[in-house]
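[1] Turn this into a model:
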Amino acid sequence: MNQNLLRQARQLQAAITKIQEELGNETVTGTAGSGAVTVTLDGHGQLRSVKIEASAVDPQDVETLEDLITIAFKDAQGKATELSRSRMGPLAGGLGIPGL
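    Numbering: from 1, shown residues only. You can find the predicted model right below:
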């Protein structure tokens, strides 16, 4: 491996590490039920918080609340995935590396 290629690999690794750190500090929010349930994830897709409005809590209909939480989580998860792709995509530069 020549020195230039090794230097480029180190720069790429440093850029990836920086982006990964930044993603951990960013958040995305998913909602369901017109905002009755809000789920916040970090840029890695890790759960940060769940907020549920009192109007969404009906002891006679727990299934609807469960569905709203699931929908809000999936919404936030999709946003976290897109955030990660948008940040990491330029680095992949057509390398065909899975996950980048």
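[2] Count the neighbours of residue 56 for me.
    Burial of residue 56 is recorded as 18 neighbouring residues (other Cβ atoms under 10 Å). No exception for glycine: its C-beta is placed from N, CA and C like everyone else's.
[3] The closest residue to it other than its chain neighbours: neighbour count?
    Excluding its sequence neighbours, the residue lying closest to residue 56 (Cβ to Cβ, 6 or more residues apart in numbering) is residue 36, at 3.8 Å. Using other Cβ under 10 Å, residue 36 has 19 neighbouring residues.
[4] what are the phi and psi values for residue 36?
    The phi/psi pair for residue 36 (degrees, to the nearest 10) reads phi -70, psi -30.
[5] Show the contacting residues for it.
    Contacts for residue 36 were tallied using Cβ atoms under 8 Å, 6 or more residues apart in numbering; they are 52, 53, 55, 56, 68.
[6] Top of the residues you listed by number of neighbours, please.
    Neighbour counts for those peak at residue 68, which has 21 neighbours (criterion: other Cβ under 10 Å).
[7] Give me the packing partners of the strand or helix carrying that one, helices and strands only.
    Using DSSP states H and E, the secondary-structure element containing residue 68 is helix 62-92. Packing partners of helix 62-92 (3 or more Cβ pairs under 8 Å, 6 or more residues apart in numbering; DSSP states H and E): helix 3-25, strand 27-32, strand 37-42, strand 47-52.
[8] tell me the mean pLDDT for that helix?
    In this model, helix 62-92 carries a mean pLDDT of 92.
[9] Buried ones in it, by neighbour count?
    Buried positions in helix 62-92, judged by neighbour count with 16 or more other Cβ atoms under 10 Å: 65, 68-69, 71-73, 75-77, 79-80, 83-84, 87-88.
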